[in-house]
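A.B. asks: Sequence plus the predicted model coming up.
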Amino acid sequence: MVHGEWEQWLRSVDIVPRTARAMIQAYEQFENVQTTRHLSVGKIFEMLSLPESVDRQGFIEQEHAIPSTGEPKTVDEMTVRELREVKKALKEAQQARQQAEQDNIRLAQLLTEERNRQPQVIERDNIANTNLNHSQTKGKLVFPFVNTDSIHLLY
């Protein structure tokens, strides 16, 4: 076939080019997966958007909890709608895991910065000269020896 004639040929046999591309993707992703013979085209097309890191054979064979019902099902037992739910939950869990990893990296950086920071020395004279008037501090926690500028809260 000459370049540019493929889409025209597809239309002549009543296949939409988008569907043909999805079929090619399905073949590439599932060519070695034996259980796909029993799955509907809708389920196979739905699984095309799974992350590349997900093993197709394993995903098809293992049970997944359906988010709306909590019921465990294999892909073969699911409806396309349930498969979409599982995919969405998988994507959300992956995003949460990535966010947690980023948060851990940031906290490790903050901890390293704090550990590498030079300690602040408070002169003994400053503590001795601090005059605490009982009437001013009644009902409050007062730490005259702590420099509040050096206190950092991590969220």
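C.D. replies: All right, it came through fine. Residues are numbered from 1 along each chain as shown.
A.B. asks: For the residue nearest the centre of the chain, grab phi and psi.
C.D. replies: Centroid check for the chain by CA atoms, centre = their mean gives Gln95 as the closest residue, at 1.4 Å. Per-residue torsions, Gln95: phi -60, psi -40 (degrees, to the nearest 10).
A.B. asks: now swap in Pro72 and tell me
C.D. replies: According to degrees, to the nearest 10, Pro72 has phi -80, psi 130.
A.B. asks: Would you map the strands across the protein?
C.D. replies: 64-65, 72-73 (DSSP state E).
A.B. asks: Tabulate these (JSON lines), appending distance to Ala108, mean pLDDT and mean neighbour count.
C.D. replies: To be clear about C-beta, it is placed using only N, CA and C from the backbone, and glycine gets the same treatment. Shown next, in JSON lines, are the strands of the chain (distance: least, CB to CB, whole Å; pLDDT from 0 to 100; neighbours: other CB atoms under 10 Å):
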{"stretch": "strand 64-65", "distance to Ala108": "32", "mean pLDDT": "94", "mean neighbour count": "16"}
{"stretch": "strand 72-73", "distance to Ala108": "36", "mean pLDDT": "95", "mean neighbour count": "14"}
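A.B. asks: Out of those, the one nearest Gly42 is which?
C.D. replies: Of all the strands of the chain, strand 72-73 sits nearest to Gly42, with 15.7 Å by CB to CB.
A.B. asks: Surely Gly42 is in contact with Glu82?
C.D. replies: No. The criterion here is CB atoms under 8 Å, and Gly42 misses it with Glu82 at 11.8 Å.
A.B. asks: Looking at these two, which one has more neighbours?
C.D. replies: Taking other CB atoms under 10 Å, Gly42 and Glu82 do not tie; Glu82 has more neighbours (19 against 12).
A.B. asks: list the contacts for Lys87?
C.D. replies: Neighbour list for Lys87: Glu46, Met47, Ser49, Leu50 [criterion: CB atoms under 8 Å, 6 or more residues apart in numbering].
A.B. asks: what's near enough to touch the last one?
C.D. replies: In this structure, Leu50 makes contact with Arg56, Phe59, Lys87, Leu90, judged by CB under 8 Å, 6+ apart.
A.B. asks: Repeat that for the second one.
C.D. replies: The contact partners of Met47, by CB under 8 Å, 6+ apart, come to Gln29, Phe30, Arg56, Phe59, Ile60, Val75, Leu83, Lys87.
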